[in-house]
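**Student:** I'd like to go over a predicted model; first the sequence, then the structure.
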Amino acid sequence: MGLKDIFTTQKNIGIEQKNQVENSEESIAAISGASYTAKGTKDAGYCGGSSQALLPKLHAVYMQLMRYIQKDEIKQNERKSKIKQEISTIESKNFNIESELKEEQEKLIHEENKIEKIIKDIDNIKENPKIASGDSFAKASFWIGLVIIIFLTIYLFVFYSSASYSAFFKNFTPDDTKITQAIFDPQAISKAWIDGFTELIFIMAIPAVFLGLGFLIHKFSEEKGLGKYLKISGLILVTFLFDFIIAYAIVKEIYNIKIGGLFTTQPPMDVSMAFEEVNFWIIIFAGFVVYIIWGLVFDFTMKEYEKMDKVRFAIKNKEQKLAEYKTECKKIKAEISSLQTEKNNLQGEVDRLKIQLETYILYFNDVREGINNYFTGWVGYLKSTSSSQNHIQDCEGIKEKFLLDLEHSEFIKKNLASSN
């Protein structure tokens with residue numbers, strides 16, 4: 001007979017006849033720890049300390065202890081009162097979760113309705129493109145922006161090709177002390193061609209570099225998140241440093257020409273002196289500021305171009321909103337799933353506690369001490385009869401296995417550490 005089969009007999013205890021006569025050994029209320037030890041010694045003597053008889057005897061002690069705990073109404077009421085309080089707390093928490101769950105479900109329905117509507121709008125636009133309404137000024141804005149971009153592009157090409165030639169290749173003369181002469185050299189390209197093909201390629205590629213950086217500003221502005229601002233800031237900083245180098249190189253050449261005709265010794269040009277030169281800031285503003293304006297106008301022009309395609313722009317707009325709604329729905333569903341799982345877990349705990357209320361409440365500590373005392377008496381008998389150490393260890397193993405099975409029994413596996 002297995003230990004689980006033995007334990008199931010406790011289910012029938014509640015229907016035992018109330019007038020069942022229990023002798024003094026079965027009345028656990030009257031048995032002390034010392035009495036358990038004496039009973040263990042006495043029972044071992046009756047069966048000659050047989051290890052085969054130990055398990056049924058341990059079960060009998062367990063049944064006696066169980067009856068005692070079952071009949072202790074004060075202790076049972078105290079334990080059930082605590083369980084009722086726990087049930088009340090869990091049910092209150094479950095009620096709050098149900099309220100949250102209802103709110104999330106309503107939000108989900110609202111978002112799903114928005115998704116359904118926007119899908120219908122996209123289908124309607126595809127079937128009847130005329131219903132798509134765009135910016136009525138988009139076309140005019142685009143052409144105005146395009147004209148400005150063309151002139152700014154020509155300006156930047158002339159400025160940067162001439163300025164880069166002056167900064168890196170030009171041999172300054174006393175006539176080049178004026179800032180306009182120093183920056184804008186009308187023969188920069190032809191002089192570069194005479195100096196060499198590589199020099200020509202260099203000064204013609206410099207404007208393309210700045211225009212490329214301006215184009216990247218537009219592309220990065222289309223990205224999402226804070227990362228795009230870091231990229232744009234980096235591009236602006238790189239452009240400013242390049243303009244700074246060009247401006248410093250030109251101002252330095254002008255300064256060297258000026259001090260070359262003086263009879264007094266002047267300190268060489270440095271960065272701090274360059275900051276005090278008006279010509280330095282003229283070059284910065286003539287190049288860097290115009291470059292920023294070019295980037296902003298280019299970005300504006302490209303956006304107006306997108307608006308000119310009304311159907312594509314309208315669909316793209318709605319698809320972006322559709323993606324946002326779907327993301328929100330995904331978040332709401334995840335929250336609903338989490339709340340539902342928590343609710344189910346709490347309800348399962350309530351059901352388990354209610355089952356405990358329908359029967360008596362037995363903790364592992366209620367029976368462990370009595371069984372250990374009983375086994376102490378059993379071992380005392382074995383030692384008095386000079387039983388072998390192997391036999392005693394076999395009995396010890398039977399007792400430990402009995403307690404382990406009892407500890408993990410479905411009847412008393414909860415609140416094992418309680419001493420109530």
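**Tutor:** Received the coordinates, thanks.

**Student:** so where's the stretch 101-250 of the chain uncertain?
**Tutor:** Along the stretch 101-250 of the chain, segments meeting pLDDT under 70 span 129-138, 167-188.

**Student:** quick one: the helices in it?
**Tutor:** With helices called from DSSP state H, counting those that start in this stretch, the stretch 101-250 of the chain shows them at 138-168, 179-183, 188-195, 197-221, 227-260.

**Student:** What values do phi and psi take at Lys330?
**Tutor:** Per-residue torsions, Lys330: phi -60, psi -40 (degrees, to the nearest 10).

**Student:** which residues sit in contact with it?
**Tutor:** With Cβ atoms under 8 Å, 6 or more residues apart in numbering as the criterion, no residue contacts Lys330. Where C-beta positions appear, they are placed from N, C-alpha and C, glycine not excepted.

**Student:** Check it and give its pLDDT.
**Tutor:** On the pLDDT scale, Lys330 is placed at 92.

**Student:** Please apply the same query to the one 10 residues further on.
**Tutor:** Looking at Gln340, its pLDDT is 91.

**Student:** ok so, going back, the helices of the stretch 101-250 of the chain: which one's closest to Lys71?
**Tutor:** Closest approach to Lys71 among the helices of the stretch 101-250 of the chain is made by helix 227-260 (72.6 Å; Cβ to Cβ).

**Student:** which helices and strands sit right next to that closest one?
**Tutor:** Here helix 227-260 touches helix 138-168, helix 179-183, helix 197-221, helix 271-275, helix 278-284, helix 290-308, going by 3 or more Cβ pairs under 8 Å, 6 or more residues apart in numbering; DSSP states H and E.

**Student:** mind checking how far the longest one is from the chain centre?
**Tutor:** What separates the centre of helix 138-168 from the centre of its chain is 46 Å, taken as Cα atoms, centre = their mean, to the nearest Å.

**Student:** tell me the angle of it relative to helix 290-308?
**Tutor:** 160 degrees (axes from the mean of the first three to the mean of the last three Cα atoms, to 10 degrees).

**Student:** Return the set of buried residues in helix 138-168.
**Tutor:** By 16 or more other Cβ atoms under 10 Å, the buried positions in helix 138-168 come out as 138, 141-142, 145, 148-149, 152, 155-168.

**Student:** Repeat that for stretch 73-86.
**Tutor:** Buried residues in stretch 73-86, defined by neighbour count with 16+ other Cβ under 10 Å: Lys75, Gln76, Arg79, Lys80, Ile83.

**Student:** ok, so of these, who is nearest Arg368?
**Tutor:** Looking at these and their distance to Arg368, the nearest is Lys75, at 16.2 Å (Cβ to Cβ).

**Student:** mind listing what Ala53 touches?
**Tutor:** Ala53 touches Asp43, Cys47, counting by Cβ under 8 Å, 6+ apart.

**Student:** Give me the buried positions along whichever strand or helix holds it.
**Tutor:** Using DSSP states H and E, Ala53 maps to helix 51-71. Applying a neighbour-count criterion of 16+ other Cβ under 10 Å, one finds 51, 54-55, 57-70 buried in helix 51-71.

**Student:** Could you do stretch 358-376 as well?
**Tutor:** 360-364, 366-368, 370-371, 373-375.

**Student:** out of the residues you listed, which one sits closest to Glu100?
**Tutor:** For the buried residues of stretch 358-376, the nearest to Glu100 is Ile361 (32.5 Å; Cβ to Cβ).

**Student:** Next, give phi and psi for that closest one.
**Tutor:** Dihedral angles (degrees, to the nearest 10) for Ile361: phi -110, psi 120.

**Student:** Met66 versus the closest residue to it other than its chain neighbours, what's the distance?
**Tutor:** Using Cβ to Cβ, 6 or more residues apart in numbering and skipping the chain neighbours, the partner closest in space to Ile361 is Arg79 (4.4 Å). To Met66, Arg79 is 14 Å away according to Cβ to Cβ, to the nearest Å.

**Student:** Could you dump the buried residues of stretch 358-376 into a markdown table with distance to Ile119 and secondary structure added?
**Tutor:** Compiled in a markdown table, the buried residues of stretch 358-376 are given as follows (distance: Cβ to Cβ, whole Å; DSSP: H, G, I helix; E, B strand; the rest coil):
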| residue | distance to Ile119 | secondary structure |
| --- | --- | --- |
| Tyr360 | 60 | coil |
| Ile361 | 57 | coil |
| Leu362 | 60 | coil |
| Tyr363 | 60 | coil |
| Phe364 | 60 | helix |
| Asp366 | 64 | helix |
| Val367 | 66 | helix |
| Arg368 | 66 | helix |
| Gly370 | 71 | helix |
| Ile371 | 70 | helix |
| Asn373 | 75 | helix |
| Tyr374 | 75 | helix |
| Phe375 | 74 | helix |
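
**Student:** still on that earlier bit, out of the helices of the stretch 101-250 of the chain, nearest to Lys42?
**Tutor:** Closest among the helices of the stretch 101-250 of the chain, using Cβ to Cβ: helix 227-260, at 83.5 Å.

**Student:** Please tabulate the helices of the stretch 101-250 of the chain in a markdown table and include distance to Ala334 as additional columns.
**Tutor:** Shown next, in a markdown table, are the helices of the stretch 101-250 of the chain (distance: least, Cβ to Cβ, whole Å):
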| stretch | distance to Ala334 |
| --- | --- |
| helix 138-168 | 40 |
| helix 179-183 | 61 |
| helix 188-195 | 63 |
| helix 197-221 | 32 |
| helix 227-260 | 25 |
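
**Student:** do you know which of the ones you listed lies nearest Lys383?
**Tutor:** helix 227-260 (79.5 Å).

**Student:** and the angle from that closest one to helix 138-168?
**Tutor:** Angle of helix 227-260 versus helix 138-168, following the same axes, to 10 degrees, is 40 degrees.
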